[in-house]
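In: got a predicted structure here, sequence first:
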Amino acid sequence: MRATILDSVGANSPLCPGLSENLRAFLDQKGIECHVLELDHLNILPCVGCEGCLRKTPGMCVMKDDTRVLVNELAVSHWIVGITQMRFGGYSAQLKKVVDKFALLASPFYYVHKRKLLHPPRYGCQQLLMVVGLGWHFAEETHNFSLLVRNNAMNLSIDAWLAPVFPSGSISEKVVSGIGQELERRGFL
Amino acid sequence: MSPKTVCLFLGSPRKKQNTYQFSQAFLQDFERLGWSVERHFLSENFPELSPVFLGDLGDSSLFGILSPMYADFLPYPMIQVLETLSDSHGGLLEGKSLFGFSQCAFPFWKLNLPSLGAMEFFGRQNGMQWLGGLAYGGAGMMAGQPLESMGKRGKKNLRGIKLMVEAVVEGRIVPHEAQELLEVNLPDWTRKPLSWFLNARVKKIQKQVGKDLSQKPCP
């Protein structure tokens, strides 16, 4: 079992210092090979909707950036885990720049899966999408956030999703413990 | 500030495509009611907001966010600009009104709800009055063409946009009827034939480019 953590907040963020490292250590301990991608350290250029990934280089972005590093990781990961500051009930720009490239994980063809019209997965090993949301202005944002993670999972044909949210300034050990309990409760650990 | 100036934020990085075509419909309705319209592609406003954009923010009394959906949500450039506005220029927006419009290629308008939610939270966080939003599904069939060229459905959609504009210029909440005029609710049984139809189009592209479009370029 393999997981990739897409850390868009950074190791020293006051939102929850050390979260990705503690989560990695926890998952490693549970036998899940875990890789952390600090998005600050990747040069990902924004998707401009050019359709190059459809027509020129199917399944790969035509931009000269680190998208290949990202997709190489995600393509072989059973779990995709995002960590983001919650902005307006959704992902931060930093995480969204990467999520915009998730289209590369799907084939451009269509199929009906669980009564939904979707693009079939290109790689097909993904089993869980979890995005950890940190901080919010209004409590209702957390519902919007859950809806977004659910839609992302659905459109990646990933049946299981989690959208745990924690207030800004949370202690990472407590956050990891909360996530661990939820993963156990749902039968993932 | 001009009381009859509306500033439209266009979230698509692609110009002259669907979001632009929708903005044309908004523009015509606002102008018909005597309003001035300023349009800005947000992809041209990062990492720095342009001085013209900032000037128009100050001059406008009403704002509209028009966005396509990328990976089920607002595209990255739009979130980046909304973050910059919230973090550094919130004062330019306070007390003004905001409406939203989100469209997606898939014919399921409800997929737009997280994007509209984000627009609302952006407005509320910046002390704006949220007047409501419209969700449109099935923009994939438009292929950058104006709504006027889309027959009966296009005309119905234009009526929905008109209802929205008439409400927001009066500071009213967008009526439900406007959303109903934009909705297409496909019965479940249509999904399979729709997938065949769409796959035929993808196969056509596959033939044109001469490559396996479902190949796996990564290990």
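Out: Great, that's in hand.

In: mind checking which helix or strand the residue nearest to the spatial centre of chain A is in?
Out: Residue closest to the average C-alpha location in chain A (Cα atoms, centre = their mean): residue A:82, at 3.5 Å. Using DSSP states H and E, residue A:82 maps to strand A:79-85.

In: ditto for residue B:135
Out: strand B:129-137.

In: excluding its backbone neighbours, what's nearest the residue nearest to the centre of chain A?
Out: Leaving aside its sequence neighbours, residue A:82 sits nearest to residue A:131 (Cβ to Cβ, 6 or more residues apart in numbering or on different chains; 3.9 Å). Heads up, the C-betas are built off the backbone N, CA and C, glycines and all.

In: tell me the secondary structure of that neighbour, please.
Out: For residue A:131, the assignment made with DSSP: H, G, I helix; E, B strand; the rest coil gives strand.

In: that one: what's it in contact with?
Out: By Cβ atoms under 8 Å, 6 or more residues apart in numbering or on different chains, the contact set of residue A:131 is A:81-84, A:91, A:95, A:145, A:149, A:152, A:162-163.

In: show me the helices in chain B, by range?
Out: With DSSP state H as the criterion, chain B has helices at B:18-32, B:51-59, B:76-88, B:113-125, B:151-169, B:176-182, B:191-209.

In: any idea which of those is most buried?
Out: helix B:113-125 (a mean of 25; mean count of other Cβ atoms under 10 Å in any protein chain shown).

In: and that helix, how far out from the chain middle?
Out: 13 Å (Cα atoms, centre = their mean, to the nearest Å).

In: what's the average pLDDT for stretch A:50-58?
Out: The average pLDDT within stretch A:50-58 is 95.

In: alpha carbons of it, in PDB - could you do that?
Out: Taking Å, rounded to 0.1, in the frame of the first residue of the first chain, the C-alpha atoms of stretch A:50-58 are listed here in PDB:
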ATOM      1  CA  CYS A  50      -4.900  24.000 -23.800                       C
ATOM      2  CA  GLU A  51      -6.000  20.300 -24.400                       C
ATOM      3  CA  GLY A  52      -2.300  19.400 -25.000                       C
ATOM      4  CA  CYS A  53      -2.700  16.600 -22.600                       C
ATOM      5  CA  LEU A  54      -5.500  15.300 -24.800                       C
ATOM      6  CA  ARG A  55      -4.100  15.800 -28.300                       C
ATOM      7  CA  LYS A  56      -0.300  16.300 -28.200                       C
ATOM      8  CA  THR A  57       1.000  14.200 -25.300                       C
ATOM      9  CA  PRO A  58      -2.000  12.100 -24.100                       C
END
